[in-house]
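How does the following fold in three dimensions:
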Amino acid sequence: MAKTGVLSSDPTVRARAAELKKELQRLVRTIVDDEDYSIHNIDQAKDALCALRELKFNKRSTATTTTSSLKLHEAVSCPEEFKCPLSKELMRDPVILASGQTYDRPFIQKWLNAGNRTCPRTQQVLSYTVLTSNHLIREMILQWCKSQGIELPNPVPYGKEEGVTEAERDHFFSLLEKLSAALPEQKEAAKELRFLTKKMPSFRALFGEYVDAIPQLLTPLSESKSQSGVHPDLQEDVITALLNLSIHDSNKKLVAETPMVIPLLMEALRSGTIETRSNAAAALFTLSALDSNKALIGKSGALKPLIDLLDEGQPLAMKDVASAIFNLCIIHENKARAVRDGAVRVILKKIMDGVHVDELLAILAMLSTHQWAVEEMGELGAVPCLLRIVRESTCERNKENCIAILHSVCFNDRTKWKALREEESTHGTISKLAQDGTSRAKRKANGILERLKRAVNITHTA
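Purely as a prediction, here's the structure:
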């Protein structure tokens, strides 16, 4: 007898199940056949199994919902702009990310909860993670559904995380106690807390409920007389658990204001394994989502070790370091600190070498609102480099950032006007951007052209 249920009655779900099985087979083959398989492979296989299980047991609440959902799946393919870039399905609750891209709320929320700090589509570093409902797209989707005779299902609720059981709470306390024990127990407890705070948001929330929990987590690092005496794996697990905690919005203020946290993160930036250093930078980025934390982290002197690590150029850490510096420099006082600590020289050298140009141009554009930064850019030969990027790059955001920096240079350093005029005369670079660039790029390019034109008129008049 054929089995009944969602998998046998819904063609879209059956297709999804087949896709998950295929992915699961691939992952299992990798784990079985490849001796060098990664933990990530195991996590992916586990996620695929969980998704398959959810499909198998996910039953419709009413016959009406089943009929309308089936009709939705079988309807003519919806316009691409109505599909979520992550799920590839019609959006039920469209929201706008800081990058300006629109996603379906549950899918982008899952992406953010996993600790990602970039836009999935553009890879742009996010300055904040608050989601804003896109009422216009929602209304357009409703109108399209109505024209197709489709009833759009209600948005999938995305509520608070599930609570922890008493047994889990007791286990949490026992792990914290082990962090004050001998090294083997410390290592075991730190590794498990790293895992639990990554996989279970409810465990992240637990740290916010108990005032002594974060200091206890840091005990193995804070009680050591020098970081060189801390076992590298133990330091990595504690710092990574701290990163996981900082992802939880309710913890950000508490974590940053715990006296030991920022000094230990700064020490980890200087002396840890490359994964420890990268995760320390990521933790500073995540904590700096709050403006009050930006100021606190900046005053603590964290920009200097971040810039030193950026200068060092460790590939695994570059994105996290750049993200942290970008977020911290949103407030003006940290721009001055970054410039004083050598950010302009380091960033400009990396851009000239073609390293992480997108992220570093965004930081340089932000710093260009500070007078000291503009002066240093002029001295370090930034203008020819930036003009070349505007001329050769295919990335509109990079062109926009370059012309914004050049605009600041043009209005603060008249000795660079000659180079700008020669570029315009030879290649028409600025005029092209004034016509074809983004709205901001057009505004900045036209500002430069107007300034150069006015300078020529003044010269002729004189």
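
List the residues that contact V357.
Shown in contact with V357 (C-beta atoms under 8 Å, 6 or more residues apart in numbering): K350, I351, I389, N398. Every C-beta, even on glycine, is put in place using the N, C-alpha and C of the backbone.

Counting neighbours, which of the residues you listed comes out on top?
I351 (23 neighbours; other C-beta atoms under 10 Å).

any idea of the mean pLDDT in the helix or strand that contains that one?
Secondary structure from DSSP states H and E places I351 in helix 343-352. For helix 343-352, mean pLDDT is 96.

Could you check it and say which residues are buried?
A343, V344, R345, V346, I347, L348, K350, I351, M352 (16 or more other C-beta atoms under 10 Å).

Look up the closest residue to R270, ignoring the ones flanking it.
Leaving out its chain neighbours, the residue that sits closest to R270 by C-beta to C-beta, 6 or more residues apart in numbering is P305, at 5.4 Å.

For the helix or strand hosting that neighbour, give me every contacting residue.
Here P305 is covered by helix 303-312, with elements defined by DSSP H and E. Contact with helix 303-312 is made by 266, 269-270, 277, 281, 284, 317-318, 321-322, 324-325, 328, 334, 337-338, 341-343, 346-347, 349-350, as judged by C-beta under 8 Å, 6+ apart.

got the angle between that helix and helix 343-352?
20 degrees (axes from the mean of the first three to the mean of the last three C-alpha atoms, to 10 degrees).

Just the CA atoms of the helix or strand following the helix holding I351, as CSV, please.
Moving toward the C-terminus from helix 343-352, the next helix or strand (DSSP H and E) is helix 357-367. Extracted in CSV, the C-alpha atoms of helix 357-367 (Å, rounded to 0.1, in the frame of the first residue of the first chain):
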residue,chain,number,x,y,z
VAL,A,357,39.5,45.9,-2.3
ASP,A,358,35.6,46.1,-1.8
GLU,A,359,35.7,46.0,2.0
LEU,A,360,38.7,48.3,2.4
LEU,A,361,37.5,50.9,0.0
ALA,A,362,34.3,51.2,2.1
ILE,A,363,36.5,51.8,5.2
LEU,A,364,38.6,54.3,3.4
ALA,A,365,35.5,56.2,2.1
MET,A,366,34.3,56.4,5.7
LEU,A,367,37.7,57.7,6.9
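
all strands for this protein, in order.
Applying DSSP state E to the chain gives strands spanning 94-96, 102-104, 132-133.

Looking at the contacts of V357, which is nearest L380?
Nearest to L380 among the contacts of V357: I351, at 10.6 Å, using C-beta to C-beta.

wait, that closest one sits on D358?
No - assessed by C-beta atoms under 8 Å, I351 is found out of contact with D358, at 9.8 Å.

Can you select the buried ones from the contacts of helix 303-312 in PyMOL?
Only the buried entries of those go into this PyMOL selection, using 16+ other C-beta under 10 Å:
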select buried, resi 266+269+277+281+284+317+318+321+322+324+325+328+334+337+338+341+342+343+346+347+350
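
Of the contacts of helix 303-312, which belong to helices?
Among the contacts of helix 303-312, DSSP state H puts 266, 269-270, 277, 281, 284, 317-318, 321-322, 324-325, 328, 334, 337-338, 343, 346-347, 349-350 in helices.

how about the nearest residue to Q186, chain neighbours excluded?
Going by C-beta to C-beta, 6+ apart, Q186 has P220 as its nearest residue, at 4.8 Å.

Could you report the pLDDT at the one you found?
93.

Can you report how many residues lie near it?
23.

do you know how far it is from M91?
45 Å (C-beta to C-beta, to the nearest Å).

Over to G229?
G229 is 53 Å from M91, by C-beta to C-beta.

of the two, who's got more company?
Taking G229 and M91 together and counting by other C-beta under 10 Å, M91 has the greater number of neighbours (25 against 8).

wait, the more buried one sits on P85?
No - here M91 does not reach P85: they are 9.7 Å apart, not a contact under C-beta under 8 Å.

okay, and the common contacts of the two?
By C-beta under 8 Å, 6+ apart, the residues touching both M91 and P85 are Y103.

OK, contacts around the residue nearest to C395 when sequence neighbours are not counted?
Leaving out its chain neighbours, the residue that sits closest to C395 by C-beta to C-beta, 6+ apart is D358, at 6.7 Å. By C-beta under 8 Å, 6+ apart, the contact list for D358 reads Q123, C395, R397, N398.

what does A455 give?
Contacts of A455 (C-beta under 8 Å, 6+ apart): R414, W417.

switch the cut-off to 6 Å
Residues in contact with A455 (C-beta atoms under 6 Å, 6 or more residues apart in numbering) are W417.

Model confidence for it, exactly?
pLDDT at A455 comes out at 73.

Okay, it and D413: tell me how far apart.
13 Å.

Just give me the neighbour total for H171.
With other C-beta under 10 Å as criterion, H171 counts 15.

From A189, how far off is it?
10 Å.

repeat for S431
63 Å.

the more surrounded of the two?
When S431 and A189 are compared for neighbours, A189 comes out ahead with 26 against 14, by other C-beta under 10 Å.

Setting the sequence-adjacent residues aside, check what's closest to that one.
Per C-beta to C-beta, 6+ apart, closest to A189 is K178, 3.7 Å.

Report pLDDT for that neighbour.
pLDDT at K178 comes out at 96.

same thing with A256?
94.

Next, the contact list for it, please.
Taking C-beta under 6 Å, 6+ apart as the criterion, A256 is in contact with L287, N293, L296.

Which of these fall in helices?
Those of the contacts of A256 lying in helices (DSSP H): L287, N293, L296.

Most neighbours of all these, which one?
Within these, neighbour counts (other C-beta under 10 Å) peak at L287, which reaches 30 neighbours.

can you pull the contacts of it?
Contacts of L287 by C-beta under 6 Å, 6+ apart are S246, K252, A256, N293.

Mind checking which of those residues land in helices?
Applying DSSP H to the contacts of L287, the entries found in helices are S246, K252, A256, N293.

How about the contacts made by I389?
I389 touches C402, counting by C-beta under 6 Å, 6+ apart.

Got the phi and psi for the spatially most central residue of the chain?
By C-alpha atoms, centre = their mean, the mean C-alpha position of the chain lies nearest to R117, the distance being 1.3 Å. The phi/psi pair for R117 (degrees, to the nearest 10) reads phi -130, psi 20.

Over to C395?
Dihedral angles for C395 - degrees, to the nearest 10 - are phi -90, psi 120.

Ramachandran coordinates for S300?
According to degrees, to the nearest 10, S300 has phi -70, psi -10.

was I right about it contacting L264?
No - counting by C-beta atoms under 6 Å, S300 does not reach L264; the two are 11.0 Å apart.

Looking at the two, which one has more neighbours?
L264 (23 against 15).

check contacts around the nearest residue to that one once chain neighbours are set aside.
Nearest non-adjacent residue to L264, counting by C-beta to C-beta, 6+ apart: L221, 5.2 Å away. Neighbour list for L221: V230, V238, L264 [criterion: C-beta under 6 Å, 6+ apart].
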